[in-house]
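Enquirer: Give me a model of this one.
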Amino acid sequence: MTLLSKLADAIGQPNVLTGADAVAYGKDWTGAYVSTPLAVLRPSNTAEVAAIMKIAHETKTPVVPASGRTGLTGATLAEGALMLSVERLNEITEINVAGRTATVGAGVILSNLHDAAEEHDLIFPLTLGARGSAMIGGLLSTNAGGSNVVRYGSTRGLCLGLEVVMADGRIMNLMSALHKDNSGLDLRNLIIGAEGTLGIITAAVLKLRPKPQAYATAMVAVPSLPDALTLLHQLQDETGGGVEAFEYMPRSYIDKHMQLFPGVTRPFDANYDVNIMIEVAATQTKDAVPNEDGSLPVVRMVEDTLGAMLEDGLVLDAVIAQSDGQRREIWKRREDAGEVAFFGGVFVNTDVAVPLDRVEAFEKALTPRIKAIDPDADEVIVAHLGDGNIHHTTYISRNDPAVMDALVEAVEDVVQDLGGSFSAEHGIGVSKLETMKRRKDPVALDAMRAIKAALDPHNILNPGKVIPSA
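Expert: Predicted structure coming up:
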């Protein structure tokens, strides 16, 4: 039997896509990474995933797992490999209200999980612009971040248990809902963030949180980034850690957003250099029940904090959403960041993290280095300021690989000097392999290679991604 006929016997011929049927799977959201998979496989359950991996292991055939293909680093590039799509593993098995957990398949779309949790007045607090297509398997495999990390943490912190199919087809059952489990090595967290290089996630047990009863959402202009941090800390103190999002959009981002989306309005009548989107959530009734004048206590709390800072000159301007529509408008400005970064000519896009108090130092150190490499280059930044994650895009004046490489290394230099990381939430894929070679601790790389070799001796799980060759 041929390889494809064995696979067809295992999962059904209609779920082995080739030729024209597989073309759409060979392209990710960015359009920058295009490949031709040997075939696209669409298993319907964990047993079928295991059967696929047994065949692949026996034949030493590469397998690239894929979810919603909304990643930005080329992690689902599958030239000549089998692409295993988890899209049919899309069952929400259980919403456990008492335990505040959700048991889900890897193919569950994030927004569908949001909807299912909301029916029980709960939330799965991970949120990002691609929530309508991103799937749980991919979010776990990249340890996705998003806009609510400041309060809830990244995906790793929201996962209790996993089911994983290993390279040889064995099924590793870590599907626990335990908040404490000290029984040996933390294999769950080893798999999360590995981008499918150590095993294929097929299901997960995820944490749910109580649905906030009210929100205070605002755009705030401040004189400087240090003033923004003062605002963040003040709001955290006043609300008992209720800040859910704290997003930095400088003037360059606002200008670019308005160019790309004609008809949108500026956040303020005047133009400011430092614009912050904040959202505070109230989970306690006392903060969500309207006052006699109809105002919400959580909104009043934010208004009072901003008012005091306005008097002190630490806030220049503020607009607080007065309706769900205004809140959605504020959020859309931030969630359009992907289009702003990726559809503006020739560019270099980076995803880095620095300590909270060093974001301004990053900006000040990087700009002159960029201008020295390409005097006509333009920059746009948007940042999850609450957790120090900066998305920096440089639009360069010419399509020159040498210039692009120099710009990437300039960002790496500045990040390293500031004690940061060259990858905050987007993962490594193929786009950051050279950076991994240059910047990751060599002993850490050797440890990664040893783990990869032990768990995937034939190097068939998403080969050529994440871990650079020695």
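
Enquirer: Hmm, Thr18 is touching Ala39, no?
Expert: Yes: assessed by Cβ atoms under 8 Å, Thr18 is found in contact with Ala39 at 5.0 Å. No exception for glycine: its C-beta is placed from N, CA and C like everyone else's.

Enquirer: The two: who's more crowded?
Expert: Ala39 (22 against 13; other Cβ atoms under 10 Å).

Enquirer: Can you give me the distance of that one to Asn45?
Expert: For Ala39, the distance to Asn45 (Cβ to Cβ, to the nearest Å) stands at 19 Å.

Enquirer: same thing with Phe268?
Expert: Counting by Cβ to Cβ, the gap from Phe268 to Asn45 is 52 Å.

Enquirer: Can you tell me which helix or strand of the protein has the lowest average pLDDT?
Expert: Least confident element among the helices and strands of the chain, by mean pLDDT, DSSP states H and E: helix 337-342 (a mean of 85).

Enquirer: Show me what that helix is packed up against.
Expert: Contacting helix 337-342 under the criterion 3 or more Cβ pairs under 8 Å, 6 or more residues apart in numbering; DSSP states H and E are the following elements: helix 251-260, strand 347-353, strand 378-384, strand 389-395.

Enquirer: How is Ala216 assigned, secondary-structure-wise?
Expert: Under DSSP: H, G, I helix; E, B strand; the rest coil, the three-state class of Ala216 is strand.

Enquirer: I'd say it and Ala288 touch.
Expert: No: using Cβ under 8 Å as the test, Ala216 is too far from Ala288 to be in contact (10.3 Å).

Enquirer: Now do the shared contacts for those two.
Expert: Both Ala216 and Ala288 are in contact with 282, 296, 298, where contact means Cβ atoms under 8 Å, 6 or more residues apart in numbering.

Enquirer: Could I get the contacting residues of the closest residue to the first one other than its chain neighbours?
Expert: If you skip the residues right next to it in sequence, Ala282 has Val298 as its closest partner in space, 3.9 Å away by Cβ to Cβ, 6 or more residues apart in numbering. Counting by Cβ under 8 Å, 6+ apart, Val298 makes contact with 214-216, 239, 242, 280-282, 287-288.

Enquirer: Doesn't Ala102 lie inside a strand?
Expert: Yes: according to three-state DSSP, Ala102 belongs to a strand.

Enquirer: For Leu4, see how far away Val16 is.
Expert: For Val16 relative to Leu4 (Cβ to Cβ), the value is 6 Å.

Enquirer: more neighbours, those two?
Expert: The neighbour comparison of Val16 against Leu4 (other Cβ under 10 Å) goes to Val16, with 23 against 15.

Enquirer: How confident was the prediction at the closest residue to the more buried one other than its chain neighbours?
Expert: Using Cβ to Cβ, 6+ apart and skipping residues adjacent in sequence, the residue nearest Val16 is Ala8, 4.9 Å away. As predicted, Ala8 sits at a pLDDT of 97.

Enquirer: do you know how far Ala8 is from Asp168?
Expert: Counting by Cβ to Cβ - Ala8 and Asp168 are separated by 21 Å.

Enquirer: same thing with Tyr25?
Expert: Tyr25 sits 25 Å away from Asp168, going by Cβ to Cβ.

Enquirer: between these two, who's got more neighbours?
Expert: Shown here are Tyr25 and Asp168; by other Cβ under 10 Å, Tyr25 has more neighbours (23 against 16).

Enquirer: what sits against the more buried one?
Expert: Applying Cβ under 8 Å, 6+ apart, the residues near Tyr25 are 17, 37, 40, 66, 69, 78, 83, 85.

Enquirer: same thing but at 10 Å, please
Expert: 17, 35-37, 39-42, 64, 66, 69, 76, 78, 83, 85, 87 (Cβ atoms under 10 Å, 6 or more residues apart in numbering).

Enquirer: What residues sit buried inside stretch 134-144?
Expert: Of the residues in stretch 134-144, 134-144 count as buried by neighbour count, 16 or more other Cβ atoms under 10 Å.

Enquirer: Restricted to helices, list these.
Expert: Judged by DSSP state H, helices contain the following of these: 136-141.

Enquirer: my read: Asn462 touches Thr73, true?
Expert: No: the criterion here is Cβ atoms under 10 Å, and Asn462 misses it with Thr73 at 11.8 Å.
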